[in-house]
Every structure is written in C-alpha cells, then in structure tokens.
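# only geometry, no sequence info:
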C-alpha cells in the first residue's frame, strides 16, 4: 500500500451562528495517498468546501474545528498555531479557489503575486524569484510569459487567471494541492484546457491533488478515488470505478441517475431525487439522506449508519442496507451496479 | 413532440449591437456586436436549445426576441408577423403569449412581494383575473409547479433555490403563454434538484403544448431537453440541427470541440476519449476576427476563412452549418 500524505480522522467542524450551532461537518474520515488525485463530490451545503478550509485552517469566525485530527505527514494540523500554519500553507499545502476573478489581488502584477509566495517560503532574492515566476508561467502555458508577467489580473482572461492561480499554488512545489471547484466559473472549452493542464502537472510534479467539485464528469476525468459527501457526512468512498459502476449508496445511485447521458441516443426521462437536502442547524439523528431515500427503513431515521465495507478493496458506503442483517430490498439489489451511466 | 411543422417563431438576420461611448474628451464609440446576423426558426410545440460559452450572445438573443432589448436590425416573426418594430401598446398582446424564466432564482423575484403577488402581477397587468378568480388561479398555478396553497402568503427568502425557480415558472405560466424563453433556468440549482425542474418543464410542455427556447451552457442537459439545438459562437449561430444529429454528427469544428470538452461522468469513456482541446481564449466581441469568427482557434482554418464570412447552409435535412469546409 502506498504512503498516506494526508489522513483526516473523524473531523468535525461547526459554525456558531446566532441561530445556533450549524454542524457543517459531522465526523468524516478519509485519506490522500502520495501522488494520487482524490475527488470530493457533493452538492452545495454538503460540507465539501468546509472540509478544505478546515484542512488549510482558513475557517473564519464563527467557524471552528470541534473535533478530530488532520494528520499531514503524520503531524496533526488541528493543534498547530497560526504561525506554524503560515509555514505550511502555500509551501506544503497549496490551494486553488473557485473564482479566479476575486482570488487574485487587483493592485499587484501577476509576477509580483507569484513571487510573493516564492520569496516568503523559499527565501530567494527578488530577482531569482522573478526568474522562478517566469518559469512557472511557462509551465502553465501562458503565451508570451515575458510580457504577461508584468500584467495585472484584469488584463488576463478567466482561463489565464486560473492558470496564474495554479502557477502561484505550484510555485513552492507543495506536496498537496487542494483545488476547490477550480473550473466551475469557466466555460467548457476553457475547463477542458485547465483539467488537461492539471493532469499533466500532476504527472510531472508528482503532487497529490484533492479536487472538490459538484461535477461528476470532472471527477471521472481527473481523479482515481472519490469521496461522496452529503449533509456533512461521507456517504460513500471508493475508486472511481467502484463509485460510477457499482455504487452502493442510494444517494450516489440517485445522483448518477439524475444527470442526463450525453452518449445515449434515445430520449429517457431523468429520475430526480425528490425533496431537498437536510438543514444542518438541526441535523437528523439518523441517516441524512433518510427523508429522500426510496429504500428508507425504520432504523435509518433512528441511528446513523456506520461505514460498511462494500464490495472489494477500499469501497465503503454508509448505508444500513449493507448491514449483514438488513432485509433484502429487491429493487436496491437490482439497481446496485446497474446504474452504469454514459454507456 | 413536435409533430406539426407550423413555425411559431422565426428570427431573420437578427442583430443587437451595444454602443458604448468610450472617450472622455474625444468621442470614441465602441460597438459590441453581441448578436450579429442570427437566423433560426422554432416550430410550434418543440424545444430549441441554444448553447455556447459565456459572452457568445445566447442570452442577448433570448432577450432581444422578447424585445427586452431593442433589436439593432433584423426581423422577429411571431406566426409570420414581424414584432420587431411594434410599439409598447402594440406589443402588449404578444407579451401575453411570450414569457421568460430567468437564470437566477434569487434575483428574479422581488423580495418585498409575497408569492401570491409575484404570480398575480402578470394577471393584473393584462387584466386577466381579479378578486376570487385571481386567488383561485394562483393556487392552481402553485399546485401545477408542485407547491401548495400555504406557500402563497410567504416571501421569496423563505424558499430554497429549486422552490424559487418553481415560483418563477408559475409566474411565467400566469398569462397562459404559448412560448417561453428559459434563460439558463437550472444553472443555479444543485444537481439533484436540476432533474426535478427539467422534468417539470417537460411535463408542462406536454400538458400545455408550450414551445421553448432553452438557453444553457450545460450541453448534456440541453441535449436531453431539446428537439433541435443551435450552437452560438461570438454572436453568430454556427450550427443548428436536430439534437440527436448534432451530438452524433457535429459538422462545425467549433461544435466538435465544444462537444468533446464535456466531461463525461464515466471513467472508461473519460479515459478513452480523444479530447479536442481548443487553444487560446474567445476573442473579444468588440473586435471580432474578420471573416469566420472562429478562425483564430480553428484547426482547419484556411485563407478564405479570413476574408469571407461563411453563410448558413443546409447540409442535410434540418442541419444548418456556417463553415467554409462545407463547400468542398
């Protein structure tokens, strides 16, 4: 088994609002191995972005990590001071944000913004940092980098800004790159460019990537393993083939069935998931998907299921139907593994 | 769905230019050709999908058809009658027949109005119902979109994104329109909610014989809902075809690249796919390339593409392409 770079154990994060405690993450565990790409998928409010902010310890008031461990190379980040985190952020763990328009500083040139991280973490002189910045711009395929390095963010297009963000993130050769919806704000043809670039760089620099997205297509393209989140919990995790071809959790199955298939010829009706996601101010005691699940049993409303082994290897799913004593639900048995999409 | 061939809406050489005065001292006009010479038609009862990247003019096309923007040139024929030059008063009866569903369910509902007033407003404007009738109709519409009576007295902030979009749809149905322009109605919604709204739009179309112009950038959803699809690039319509035909046999190099960049949620296909990755960015519509606007990113660009703007040709039945490659 390969080495674990990041291990998240029973992480809990809450926001203490004037309405009460919003439990955004309610105990999640997963790991990222060296050199791999892990995808985290979920809808808005599922806790996927809060997960990344918790790992970076960039949570703003009133957000707080209330429990669990985040082991990065064996060291727990939860107890690190802000000063210690500053040495890690950008240096060992870097992040790309969703919106390239607002995450760059409009009053500094692209070159200055790339150099900033290099000067800070690698103790290079201004001149050497400039050289390195130029090299980074070449690496992310910015045309005419000698000229572009002097540009301000507003002179860049959306796709180029995201390339610049990637250049900043990778400039200190981080071990882990967290990409939070890196292509959501971009058009499909530009998205294809950026995903291609991320895949190439991943292979070239051997950086581990944690890709957070709501787009199941993007994950299938880039990642080797997936974590599916819902209502602040991990519903299912496994290799992309496990999740896309043999999903075991009704939520994953529902999600895959609700997206249209581009490659199929006949017109099929979409099968939506009824209802809406749970309110995390008053999270349900049982399974968060209970209210929307067509296979729901009595126990699902009373007790939160643990992660059960599903199929082979690392495939795990949080559903009572996988309990050895669970009654056999014929529809579920029929559908699991039968929702292969795209083909 | 579309079993008769009656044409409900025809757009001929539609143009919408936005003129901005740039100079502070010297007058300098900057013209953005948002929609430049676009022609297409929509048959009664069908759904025409309009796809393209941001800034390609798809939303402007939708808004110009409804005369929310004044067209710079061209004709908009509703059952053969040109509505592009009608004045406000003459336009009123057409406003009742054509409605719009907007992208952002948060910004398109007035936060200070109750749901009942939001849905009732179009009826008030067109004097369709009042008093008890109006209330009855509002309840009926709420029921149609899967909400209930209790929701009528509430305010928009009390609803989720998906529910708000349902309110927007109820409002558009209030005047019993024939034609609805759906401008990215599902892009702001979560994946699991998108299918709910799309299914509802399909049901409504069947029940009421509605005709849709469905504008979106999600290519797989457009394929799913549309009978025919048009692809726009920098203000021009580059290809229009039956949706099955367009997705299985795209002819324009841009359509080919656009379709191949859709990420497919299937690991085997994703691994096997030979993606055409377009180089560079979309040029600015203020200063578009001469001739064919796509030539700067096209892998087949020839000399003629620089000089002559390609015109739309019907290459096979109902399949229109604007590309010089088709002449060979």
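Received it, and whenever you're ready, just let me know what you need. The shown structure was predicted, so the numbers you read here are calculated from the model rather than taken from an experiment.
# which residues lie in contact with the residue nearest to residue A:187 when sequence neighbours are not counted in this structure?
In space, and not counting its chain neighbours, residue A:187 is closest to residue B:53: 3.8 Å by C-beta to C-beta, 6 or more residues apart in numbering or on different chains. The C-beta positions use only the backbone N, C-alpha and C, and glycine is treated the same way. Neighbouring residues of residue B:53 by C-beta atoms under 8 Å, 6 or more residues apart in numbering or on different chains: A:187-190, B:217, B:233, B:258, B:282.
# in helices only, show me the residues you listed.
A:188-190, B:258 (DSSP state H).
# closest one of those residues to residue A:170?
Of all the ones in helices among the contacts of residue B:53, residue A:190 has the smallest distance to residue A:170: 18.7 Å, by C-beta to C-beta.
# which SS class is residue B:32?
Recorded secondary structure, residue B:32: strand (DSSP: H, G, I helix; E, B strand; the rest coil).
# I'd like to know how far it sits from residue A:49.
35 Å (C-beta to C-beta, to the nearest Å).
# same thing with residue B:276?
From residue B:276 across to residue A:49, the span is 32 Å (C-beta to C-beta).
# repeat that for residue A:247.
23 Å.
# in terms of neighbours, single out the busier of the two.
With neighbours defined as other C-beta atoms under 10 Å in any protein chain shown, residue A:247 and residue A:49 compare such that residue A:247 has more, 29 against 18.
# setting aside sequence neighbours, what's the nearest residue to residue B:292?
Distances taken as C-beta to C-beta, 6+ apart place residue B:305 nearest to residue B:292, at 4.4 Å, with adjacent residues excluded.
# no wait, residue B:239
The nearest residue in space to residue B:239 (C-beta to C-beta, 6+ apart) is residue B:252, at 4.3 Å.
# could you count how many residues lie near that neighbour?
For residue B:252, the count of nearby residues is 25 (other C-beta under 10 Å).
# would you agree it is in contact with residue B:238?
Yes: using C-beta atoms under 8 Å, residue B:252 is in contact with residue B:238, at 4.7 Å.
# looking at the contacts of residue B:53, which is nearest residue A:94?
Using C-beta to C-beta, residue A:190 is the member of the contacts of residue B:53 that lies nearest residue A:94, at 21.2 Å.
# what's near enough to touch that closest one?
Taking C-beta under 8 Å, 6+ apart, one finds A:158-159, A:162, A:183, B:53, B:281 in contact with residue A:190.
# also residue B:233?
Remark: with contacts taken as C-beta under 8 Å, 6+ apart, residue B:233 is in contact with B:52-53, B:56, B:254, B:282, B:293-294.
# what ranges does chain A have for its strands?
A:4-17, A:20-33, A:37-41, A:63-72, A:75-76, A:93-96, A:176-180, A:208-213, A:225-230, A:233-239, A:308-309, A:316-317 (DSSP state E).
# what's the answer for chain B, then?
Under the criterion DSSP E, chain B contains strands at B:7-21, B:29-43, B:47-51, B:73-78, B:81-82, B:98-101, B:179-183, B:211-215, B:228-233, B:236-242, B:313-316, B:319-321.
# can I get those strands in TSV with mean pLDDT and distance to residue A:228?
Shown next, in TSV, are the strands of chain B (pLDDT from 0 to 100; distance: least, C-beta to C-beta, whole Å):
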stretch	mean pLDDT	distance to residue A:228
strand B:7-21	92	42
strand B:29-43	92	39
strand B:47-51	95	28
strand B:73-78	95	46
strand B:81-82	94	52
strand B:98-101	95	30
strand B:179-183	95	30
strand B:211-215	96	29
strand B:228-233	95	31
strand B:236-242	95	36
strand B:313-316	92	43
strand B:319-321	95	40
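# just the mean pLDDT for stretch B:263-273, thanks.
For stretch B:263-273, mean pLDDT is 82.
# can you list the buried residues in it?
B:263-270 (16 or more other C-beta atoms under 10 Å in any protein chain shown).
# ok, back up a step: so which pair among the contacts of residue B:53 is furthest apart in space?
A:190 and B:233 (13.7 Å).
# show me where the stretch 201-328 of chain B has its helices.
B:219-225, B:243-248, B:253-260, B:267-272, B:303-307 (DSSP state H, counting those that start in this stretch).
# quickly, which of the ones you listed bottoms out on average pLDDT?
When I compare the helices of the stretch 201-328 of chain B, helix B:267-272 is least confident, with a mean of 82.
# give me the residue from the stretch 101-250 of chain A nearest chain B.
Using C-beta to the nearest C-beta, the closest approach of the stretch 101-250 of chain A to chain B is made by residue A:217 at 3.0 Å.
# counting neighbours, what do you get for the residue of the stretch 1-150 of chain A found nearest chain B?
Distances between the stretch 1-150 of chain A and chain B by C-beta to the nearest C-beta are smallest at residue A:43, namely 4.1 Å. Neighbour count of residue A:43, defined by other C-beta under 10 Å: 20.
# surely it is in contact with residue A:277?
Yes: between residue A:43 and residue A:277 a contact is recorded at 6.3 Å, counting by C-beta under 8 Å.
# could you find the closest non-adjacent residue to residue B:103?
Residue B:103 sits nearest to residue B:184 (C-beta to C-beta, 6+ apart), 3.8 Å away.
# per-residue confidence at the one you found?
91.
# that one: how many residues sit nearby?
Residue B:184: 18 neighbours (other C-beta under 10 Å).
# can you count the residues close to residue 255?
Let's take chain A. 27.
# my bad, chain B
24.
# check whether it really touches residue B:243, as I assumed.
No: using C-beta under 8 Å, residue B:255 is not in contact with residue B:243, being 11.8 Å away.
# now the closest residue to residue B:128 other than its chain neighbours: how far from residue B:159?
Distances taken as C-beta to C-beta, 6+ apart place residue B:175 nearest to residue B:128, at 6.4 Å, with adjacent residues excluded. Using C-beta to C-beta, residue B:175 is found at 22 Å from residue B:159.
# so which of these two has more stuff around it?
The neighbour count for residue B:175 versus residue B:159, taken as other C-beta under 10 Å, is higher for residue B:159 (20 against 16).
# isn't that one right up against residue B:167?
Yes: proximity of residue B:159 to residue B:167 meets the contact threshold set by C-beta under 8 Å, at 6.8 Å.
# what touches both of the two?
residue B:115.
# check contacts around the residue most central in space within chain B.
Centroid-nearest residue in chain B, with C-alpha atoms, centre = their mean: residue B:215, separated by 2.8 Å. Residues near residue B:215 by C-beta under 8 Å, 6+ apart: B:49-51, B:58-59, B:61-62, B:181-184.
# distance-wise, check the closest residue to residue A:132 other than its chain neighbours relative to residue B:206.
By the measure of C-beta to C-beta, 6+ apart, the closest residue to residue A:132 outside its immediate chain neighbours is residue A:118, 5.2 Å from it. Going from residue A:118 to residue B:206 by C-beta to C-beta gives 60 Å.
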